[in-house]
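Novice: Following is a predicted model, sequence given first.
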Amino acid sequence: MPVILPVNGVMPDIPESCFIAPNATIVGDVEMGTECSVWFNAVVRGDVNSIRIGNKVNIQDGACIHATYQKTRVVIGDNVSIGHNAIVHGCVISDNVLVGMGAIVMDDVVIGSNTIIAAGAVVLEGTAVPSGCIFAGVPARKVKDIGPELISGEIDRIANNYVLYSSWFK
């Protein structure tokens, strides 16, 4: 059974349409949209500040979503994929975003829509990531604009696949 716990009397709000892996952890002030999935060993810690997750968001194996006490919260839009072992901390992620495997997104980052954060990228605190581009490297920088083929071929494809994958476990 997943670990789903209240913190200071606030219980996570998780719709029935979501898949939560048996060893995932979700605690505190977390609100999820529909058709989301939180995968094996992923942690969503709404203990020190709020976490708001849109519809059709997948938080893949080993990812960690957290914030900073009395400073930053997490807002994740719709149709977002958070890759394996990524860290998303105290930031805003707009709709239609792919955060690659092992990427780190720090406090006060704002990621625009239709954007890819490459695997292993480190997006430093306070960075504004424009819409429609790929950010890569350490520290992460814009490497190129992306077209509709990457939006449908990567961002949409992965988000849709994770809705399918989660159905296998229900």
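Specialist: Done, it's in.
Novice: Show the model's pLDDT score for Ser94.
Specialist: Looking at Ser94, its pLDDT is 98.
Novice: Could you check how many residues crowd around Gly120?
Specialist: Using other C-beta atoms under 10 Å, the number of residues around Gly120 comes to 17. Using the backbone N, CA and C atoms, a C-beta is placed for each residue, glycine as well.
Novice: now the closest residue to it other than its chain neighbours: how far from Gly83?
Specialist: Excluding its sequence neighbours, the residue lying closest to Gly120 (C-beta to C-beta, 6 or more residues apart in numbering) is Gly102, at 4.9 Å. Counting by C-beta to C-beta, to the nearest Å, the separation of Gly102 from Gly83 is 7 Å.
Novice: likewise Pro15?
Specialist: Remark: distance between Pro15 and Gly83 (C-beta to C-beta) = 23 Å.
Novice: ok, now Met106?
Specialist: From Met106 across to Gly83, the span is 16 Å (C-beta to C-beta).
Novice: Compare Gly102 and Gly83 and say which is more crowded by neighbours.
Specialist: A count of neighbours by other C-beta under 10 Å puts Gly83 above the other of Gly102 and Gly83, at 22 against 17.
Novice: chain center to stretch 100-116, what's the gap?
Specialist: Distance, stretch centre to chain centre, for stretch 100-116: 9 Å (C-alpha atoms, centre = their mean, to the nearest Å).
Novice: Just give the number of residues close to the closest residue in space to Met106 that isn't next to it in sequence.
Specialist: In this structure, Met106 finds its nearest non-sequential neighbour in Glu125, 4.3 Å apart by C-beta to C-beta, 6+ apart. Residues lying near Glu125 (other C-beta under 10 Å) number 15.
Novice: Quick check: which element contains Glu125?
Specialist: For Glu125, there is no host helix or strand (DSSP states H and E).
Novice: That one contacts Val109, doesn't it?
Specialist: Yes. Applying C-beta atoms under 8 Å, one finds Glu125 in contact with Val109, separated by 6.9 Å.
Novice: Report the contact partners of Gly90.
Specialist: Gly90 makes contact with 49, 66-68, 71-74, 106-108, according to C-beta atoms under 8 Å, 6 or more residues apart in numbering.
Novice: now do Gly100
Specialist: Listed by C-beta under 8 Å, 6+ apart, the contact partners of Gly100 are 83, 86, 116-121.
Novice: Many thanks, have a good one.
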